[in-house]
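Participant: Attaching a predicted model along with its sequence, questions to come.
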Amino acid sequence: MTFSVSGGLIIAIGGLLPALAIGLIGAKAMEAIGRNPEASGRILPAMLLGMAFAEAIAIYSLILAFMK
């Protein structure tokens, strides 16, 4: 199986940006919980949902890279 340059760029950019987004989401959620521990019940579900959407973008780029 051969990969093209465009497939490599798709997976590189499509994996980098969601990884940064997931890191920022997790860091800000932990910061918010550290400031207000009682709000963790409301913060964690929103954090997990945001991480799932960011991960979905990475999976879409993986699929596009395989299609190239």
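Facilitator: Structure received. Numbers count the residues shown, from 1 in each chain.
Participant: got the buried residues for stretch 39-54?
Facilitator: Of all the residues in stretch 39-54, those buried under the rule 16 or more other CB atoms under 10 Å are 43, 47, 50-51, 54. (Glycine included, C-beta is placed from N, CA and C.)
Participant: Next: stretch 11-30.
Facilitator: 11, 14-15, 18, 21-22, 25, 29.
Participant: which residues sit against that stretch?
Facilitator: 43-44, 46-47, 50-51, 54-55, 57-58, 60-62, 64-65 (CB atoms under 8 Å, 6 or more residues apart in numbering).
Participant: looking at it, Ile43 is touching Ala32, isn't it?
Facilitator: Yes. Counting by CB atoms under 8 Å, Ile43 does reach Ala32; the two are 5.3 Å apart.
Participant: Pull the distance from the helix ranked longest in the chain to the chain's centre.
Facilitator: Counting by DSSP state H, the longest helix found in the chain is helix 5-35. What separates the centre of helix 5-35 from the centre of its chain is 4 Å, taken as CA atoms, centre = their mean, to the nearest Å.
Participant: For Tyr60, give its distance to Val5.
Facilitator: To Val5, Tyr60 is 19 Å away according to CB to CB, to the nearest Å.
Participant: the more surrounded of the two?
Facilitator: Tyr60 (13 against 8; other CB atoms under 10 Å).
Participant: who touches the more buried one in this structure?
Facilitator: Tyr60 touches Gly14, counting by CB under 8 Å, 6+ apart.
Participant: so which strand or helix has it?
Facilitator: Using DSSP states H and E, Tyr60 sits within helix 40-67.
Participant: Next, the angle from that helix to helix 5-35.
Facilitator: 170 degrees (axes from the mean of the first three to the mean of the last three CA atoms, to 10 degrees).
Participant: Quick check: mean pLDDT of helix 40-67?
Facilitator: Averaging pLDDT along helix 40-67 gives 92.
Participant: so how far is that helix off the chain centroid?
Facilitator: With CA atoms, centre = their mean, you get 5 Å for helix 40-67.
Participant: Alright, calling it a day.
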